[in-house]
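Enquirer: Quick one, structure for this:
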Amino acid sequence: MKKLLALVLTLGLLATCFGAFAEDLYAGEKVTMEMAVWNSVETYEQINAALIQQFPEIGEKANIEVVIEGDGDVGIAQKMRLLLGAGEELPDMVRVNYAQFAEFESAGLLYDMSAAVEPYKDDIIPAVLDMMTGEDGGIYCMPQEAKPKVWYYRTDIFEQAGVDPKEVKTVDDFIAAGKKVHEATGTWIENYGTPLNAYDLMMILSGKDFSFTDENGDFKFADNEIIREAFERLKKFHDSGAFSPIDEWSADWQAAFTEGTISSQLIASWMKMHLLTWAPDQAGKWGCAMWPEEMQGGSDAGMGIWIVFKDAPHAALAADILAKYSFDPEFRHAVYSINAVIPPLESAKTDDFYASSDYFDASLRDVYFEALEQLRAYPYEPTFSAEQTIIRDYLNEYVNGNLSLDEALQKAQDDMINQIGNAFD
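Expert: Numbers count the residues shown, from 1 in each chain. Below you'll find the predicted structure:
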């Protein structure tokens with residue numbers, strides 16, 4: 001009985017502490033907070049409006065300004081390095097990718113958000129919670145979106161061509177499917193124009209037990225069979241004639257979805273937001289499938305994440321807002337209605353709200369969680385931003401036929417050694 005009473009008192013004290021923590025955060029004068037993102041602000045502003053509607057105390061306490069601070073995850077990370085180096089004021093909330101997490105976390109620059117996450121902790125998918133956790137056990141990031149690998153495809157076009165994604169198991173099957181769909185419908189099921197993106201390679205490598213470095217941080221990969229196979233696969237796709245020569249993030253790429261000349265994409269879950277924007281008239285025509293078995297597992301950079309720097313003007317308040325933003329089950333319904341992003345929560349697996357979408361068929365939720373079971377991230381080193389620039393350049397030299405495989409890998413390794421030195425120093 002004494003033990004039970006002690007437990008009740010302890011739980012009551014914890015609840016009181018968390019209540020006081022939240023109450024103190026929302027007391028006092030209204031403040032202006034900066035939410036740093038890249039490329040566009042519209043979707044974030046819509047989500048923030050919904051957040052304030054559900055949590056009026058946030059609107060009473062904070063005016064959240066969404067600002068563009070870079071071109072992509074690499075650009076925004078570079079902007080943060082410049083602000084840190086100059087000692088200038090940092091944004092309160094920063095959107096990066098998990099690929100940049102190791103750099104900032106290992107340097108001790110991030111705010112520990114454990115207290116804010118505690119009320120939701122038991123509901124978070126374990127693989128995601130593990131990625132959120134730093135070396136010391138603190139929680140130093142929150143998911144904007146977990147990004148397992150998903151194959152989006154036009155159900156009407158694949159049916160017309162007689163292609164079932166579930167029957168596409170191997171690299172060769174995927175090439176054959178590409179040719180079959182193109183012959184039957186005139187559309188392409190993928191594009192492998194150059195320059196390829198670093199994530200084209202990293203999505204393949206992320207499902208493997210692989211690193212560019214050894215356990216000491218020295219770069220050693222030129223003769224590694226895993227990366228050799230990944231390079232060879234991407235060149236095989238590029239040279240096959242089965243896929244569009246359009247390069248990603250070009251104006252032609254977006255237009256191809258808008259016009260319906262690209263009818264599928266092997267990519268990560270984040271692609272859904274672009275489909276909603278680029279091809280709104282194709283609602284109800286898109287389905288989701290797992291990647292071919294031979295290439296399953298992994299992710300694109302693990303997750304899109306939010307980080308809060310220790311020296312941010314309102315770090316504790318930012319952490320509490322982001323916890324609600326990322327994990328509140330009811331609020332996540334509003335997020336899904338805006339951008340179709342399903343939260344990485346155990347409770348969402350059986351939440352029928354995510355079993356339907358005006359744009360995607362009923363496969364969206366089930367495929368997302370099936371892919372999430374295989375979520376893995378490359379073990380990013382603090383120097384990964386520099387590494388991916390080098391490896392991407394030599395991948396494209398190889399794919400375009402300017403270097404042999406041996407030459408491309410050896411030159412990439414040499415450049416990492418000469419330009420970076422050691423990944424852990």
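
Enquirer: Helix or strand next in line after the worst-scoring helix or strand of the chain on mean pLDDT, which one?
Expert: One helix or strand of the chain scores below all others by mean pLDDT, DSSP states H and E: helix 2-25, with a mean of 43. Beyond helix 2-25 on the C-terminal side, the first helix or strand identified by DSSP states H and E is strand 31-37.

Enquirer: Now do the buried residues in the helix or strand following that next one.
Expert: Toward the C-terminal end, the helix or strand that comes next after strand 31-37 (DSSP H and E) is helix 42-54. For helix 42-54, the neighbour count (16 or more other Cβ atoms under 10 Å) marks T43, Y44, I47, N48, A50, L51, I52 as buried. The C-beta positions use only the backbone N, C-alpha and C, and glycine is treated the same way.

Enquirer: Nearest to R81 among these?
Expert: Distances from these to R81 were compared by Cβ to Cβ; the smallest belongs to Y44, at 22.2 Å.

Enquirer: In contact with that closest one, which residues?
Expert: When contacts are counted by Cβ atoms under 8 Å, 6 or more residues apart in numbering, Y44 touches M35, V37, V66.

Enquirer: Start from the N-terminal end of this structure and give the strands.
Expert: Using DSSP state E, the strands of the chain run over residues 31-37, 62-68, 93-97, 142-154, 264-268, 286-289, 299-307.

Enquirer: With S106 as the reference, name the closest of those strands.
Expert: Comparing the strands of the chain by their distance to S106 (Cβ to Cβ), the top pick is strand 299-307, with 12.8 Å.

Enquirer: Could you dump the contacts of Y44 into CSV and include distance to S263 and pLDDT?
Expert: As requested, the contacts of Y44 are arranged in CSV below (distance: Cβ to Cβ, whole Å; pLDDT from 0 to 100):
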residue, distance to S263, pLDDT
M35, 35, 98
V37, 30, 97
V66, 33, 98
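
Enquirer: out of those residues, who's nearest G401?
Expert: Out of those, the one with the shortest distance to G401 is V37. That distance is 37.8 Å, counting by Cβ to Cβ.

Enquirer: The closest one contacts E65, doesn't it?
Expert: No: counting by Cβ atoms under 8 Å, V37 stays clear of E65, with 10.9 Å between them.

Enquirer: who's more crowded, the two?
Expert: Ranked by neighbour count (other Cβ atoms under 10 Å), V37 and E65 place V37 first, with 22 against 15.

Enquirer: separation between the closest residue to N422 other than its chain neighbours and D414?
Expert: Nearest non-adjacent residue to N422, counting by Cβ to Cβ, 6 or more residues apart in numbering: G217, 4.5 Å away. Between G217 and D414 the distance is 16 Å, computed by Cβ to Cβ, to the nearest Å.

Enquirer: Comparing the two, which residue is more hemmed in?
Expert: Here G217 and D414 are compared on neighbour count by other Cβ under 10 Å; more neighbours surround G217, at 17 against 14.

Enquirer: Let me see the contact set for that one.
Expert: For G217, the contacting residues are E381, N422, A423, F424, D425, by Cβ under 8 Å, 6+ apart.

Enquirer: For those residues, which two are the farthest from each other?
Expert: Across these, the two members that end up farthest from each other (Cβ to Cβ) are E381 and D425, 10.3 Å apart.

Enquirer: which of these two has more neighbours?
Expert: Set side by side, E381 and D425 show more neighbours around E381, with 22 against 8, by other Cβ under 10 Å.

Enquirer: Name the nearest residue to the more buried one, sequence neighbours excluded.
Expert: Setting aside the residues directly before and after it, E381 is nearest to A423 in space (Cβ to Cβ, 6+ apart), at 3.7 Å.

Enquirer: again, but for A386
Expert: Of all residues not flanking A386 in the chain, I420 sits nearest, at 5.4 Å (Cβ to Cβ, 6+ apart).

Enquirer: just to revisit the earlier point, can you tell me which of the buried residues of helix 42-54 lies closest to L83?
Expert: Relative to L83, the closest of the buried residues of helix 42-54 is Y44; by Cβ to Cβ it sits at 19.6 Å.

Enquirer: Let me see the contact set for D247.
Expert: Taking Cβ under 8 Å, 6+ apart as the test, what D247 contacts is N191, G193, T194, P195, L196, W253.

Enquirer: Number of residues surrounding the third one?
Expert: The number of residues packed around T194, counting by other Cβ under 10 Å, is 14.

Enquirer: Got phi/psi on it?
Expert: Note on T194: its backbone torsions stand at phi -100, psi 150 [degrees, to the nearest 10].

Enquirer: so it touches D393, yeah?
Expert: No: the pair T194 and D393 does not pass the contact test of Cβ under 8 Å, sitting 11.1 Å apart.

Enquirer: So which of the strands of the chain is nearest S357?
Expert: Minimum separation from S357 across the strands of the chain (Cβ to Cβ) falls at strand 286-289, 9.0 Å.

Enquirer: one step back: any chance of the contacts of Y44 in TSV, with distance to L345 too?
Expert: As requested, those are exported to TSV (distance: Cβ to Cβ, whole Å):
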residue	distance to L345
M35	22
V37	23
V66	24
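
Enquirer: Tell me, how many residues neighbour A362?
Expert: Neighbour count of A362, defined by other Cβ under 10 Å: 12.

Enquirer: Please tell me how far it sits from Q54.
Expert: Distance check for A362 against Q54: by Cβ to Cβ, it reads 27 Å.

Enquirer: Outline the domain layout of the chain.
Expert: By the record's domain assignment, the chain is partitioned as 26-146+302-365, 148-301+377-419 (automatic domain parsing).

Enquirer: Out of those, which gets nearest to A371?
Expert: Across the domains of the chain, the minimum distance to A371, taken as Cβ to Cβ, is reached by domain 148-301+377-419, at 3.5 Å.

Enquirer: so what pLDDT did the residue lying closest to G241 once chain neighbours are set aside get?
Expert: Excluding its sequence neighbours, the residue lying closest to G241 (Cβ to Cβ, 6+ apart) is K179, at 7.6 Å. According to the predicted model, the pLDDT of K179 comes to 98.

Enquirer: thinking K179 is in contact with I189, fair?
Expert: No: distance between K179 and I189: 9.2 Å, which falls outside the contact criterion (Cβ under 8 Å).

Enquirer: The two: which is more packed in?
Expert: The neighbour count for K179 versus I189, taken as other Cβ under 10 Å, is higher for I189 (30 against 15).

Enquirer: I'd like the distance between M295 and I342.
Expert: Distance of M295 to I342, computed by Cβ to Cβ: 22 Å.
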